[in-house]
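K.L.:
when you get a sec, could you give me coordinates for this:
(one chain, ligands or ions: 2)
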Amino acid sequence: MKTALTIAGSDSGGGAGIQADLKTFSAHGVFGMSVITAVTAQNTKEVRGVQNIDVDIIRQQIEAIYDDLPVNAVKIGMLSSVEIIDTVSSSLKERKSQPIVLDPVMISKSGHSLLLPNAVKALIEKLVPLADIITPNVPEAEELTGIKIQTEEDMVTACKKICELGAANVLLKGGHLEGEPHDLFFNGENIHWFKGKRVHTKNTHGTGCTLSSAIAANLAKENDLYTAVKKAKQYISMAITHSLDIGKGHGPTHHFYELYQKAGYQQ
Ligand SMILES: Nc1ncnc2c1ncn2[C@@H]1O[C@H](COP(=O)(O)OP(=O)(O)O)[C@@H](O)[C@H]1O
Ligand SMILES: Cc1ncc(COP(=O)(O)O)c(N)n1
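P.N.:
Numbering: from 1, shown residues only. Ligands and ions are numbered 1, 2, ... in the order given. Next up is the predicted model:
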């Protein structure tokens, strides 16, 4: 069985973070492992509190996994401080052999900051060069590049700038723009649009986490990067189509394997 590791924050509400990642791995038939970087007290409406995990135990979690278990792909999510970014980057650098998907989580859908403002520079310098692909949403790409993104042309300009920062590949997600949710893939040379159809729902908590961990799961299963993104886009479209109307805020995506089999999702 193939395996994937998520290095991210815990969402007590179960819709985003580590919980969404592990559900996504399972739905892909991939064995999931986790390194928890922060515990959030969170539900579909709000983030009430964040406790960062001590960097020593973050390092120990990574070492405990790599000293014993195979890791076929890694997904990185919420790393909120410079110290945590430094720790994860240096631990992974010693071990890197498998593909890394970086979701540069900055703000929750409910509007809470999940990355300290002074940590953006560390993320660019220490994590972007390690990653095989980075998956920012529009506000995150604006923060990384300083470019205001309002149109698809702006997305192309921002993607190119993110590659200049050292990213090998970029998937700039278009969910935050008006109109259909098209995502732009740029490999440093060519662009490709992964087109979506907007599902009119407020239940989009954890969509970015789900997409990035679906890419990691598909990479763990030895798909090439383009195919892994294509399948992940198919998966997230379905997970939003069947998202759950639970909680009073943004409900979570849906991860049940049988549902996807019925809908014809090709793993
Ligand atoms: N309402 C929607 N209907 C269909 N796909 C969507 C919708 N909202 C977002 N997506 C897709 O979900 C994925 C996550 O996108 P986005 O919401 O932009 O990121 P994030 O969750 O990081 O803010 C992208 O592939 C995006 O195109
Ligand atoms: C622990 C954690 N990681 C990531 C997100 C982002 O997800 P979203 O943008 O859907 O709120 C989150 N809310 N919580």
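K.L.:
please name the residues that touch the residue of the stretch 1-150 of the chain found nearest ligand 1.
P.N.:
Proximity to ligand 1, evaluated over the stretch 1-150 of the chain using Cβ to the nearest ligand atom, is greatest for Asn137 at 3.6 Å. Just so you know, the C-beta spots here come from the backbone N, C-alpha and C atoms, and that holds for glycine as well. For Asn137, the contacting residues are 172-173, 175-176, 208, taking Cβ atoms under 8 Å, 6 or more residues apart in numbering as the criterion.
K.L.:
just the buried ones from these, in PyMOL syntax?
P.N.:
Entered in PyMOL, the line below selects the buried ones among those, by 16 or more other Cβ atoms under 10 Å:
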select buried, resi 172+173+175+208
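K.L.:
of the contacts of Asn137, closest to ligand 2?
P.N.:
Closest to ligand 2 out of these is Gly208 (5.4 Å), distances taken as Cβ to the nearest ligand atom.
K.L.:
make sure that closest one is actually in contact with Ile107.
P.N.:
No - in this structure, Gly208 is not within contact of Ile107 by Cβ atoms under 8 Å, at 10.5 Å.
K.L.:
up against ligand 1, what does the stretch 1-150 of the chain have?
P.N.:
By the rule Cβ under 6 Å from any ligand atom, the part of the stretch 1-150 of the chain lying against ligand 1 is Asn137.
K.L.:
switch the cut-off to 8 Å
P.N.:
Within the stretch 1-150 of the chain, the positions near ligand 1 by Cβ under 8 Å from any ligand atom are 103, 105, 109, 135-140.
K.L.:
restricted to buried residues, select these in PyMOL.
P.N.:
The following PyMOL command selects only the buried members of these, with burial defined by 16+ other Cβ under 10 Å:
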select buried, resi 103+105+109+135+136+137+138+140
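K.L.:
Ile57: which of the residues of the stretch 1-150 of the chain next to ligand 1 is nearest?
P.N.:
The closest of those to Ile57 turns out to be Val105 (Cβ to Cβ; 20.0 Å).
K.L.:
once you drop chain neighbours, what's closest to that closest one?
P.N.:
If you skip the residues right next to it in sequence, Val105 has Met78 as its closest partner in space, 4.3 Å away by Cβ to Cβ, 6 or more residues apart in numbering.
K.L.:
surely the one you found and Ala38 touch.
P.N.:
Yes - assessed by Cβ under 8 Å, Met78 is found in contact with Ala38 at 6.0 Å.
K.L.:
between these two, tell me which one has more neighbours.
P.N.:
Between Met78 and Ala38, Met78 has the larger neighbour count (other Cβ atoms under 10 Å), namely 27 against 22.
K.L.:
you'd agree the more buried one is in a helix?
P.N.:
No - residue assignment for Met78, taken from DSSP: H, G, I helix; E, B strand; the rest coil, gives coil, which places it outside any helix.
K.L.:
and it, what does it touch?
P.N.:
Residues in contact with Met78, defined by Cβ under 8 Å, 6+ apart, are 8-9, 17, 37-38, 40, 105, 114-115.
K.L.:
adding pLDDT, write the contacts of Asn137 out as CSV.
P.N.:
Putting the contacts of Asn137 into CSV (pLDDT from 0 to 100) gives the following:
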residue, pLDDT
Leu172, 98
Lys173, 97
Gly175, 91
His176, 92
Gly208, 97
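K.L.:
between the contacts of Asn137, which sits nearest Phe31?
P.N.:
For these, the minimum distance to Phe31 (Cβ to Cβ) is 22.6 Å, reached by Gly208.
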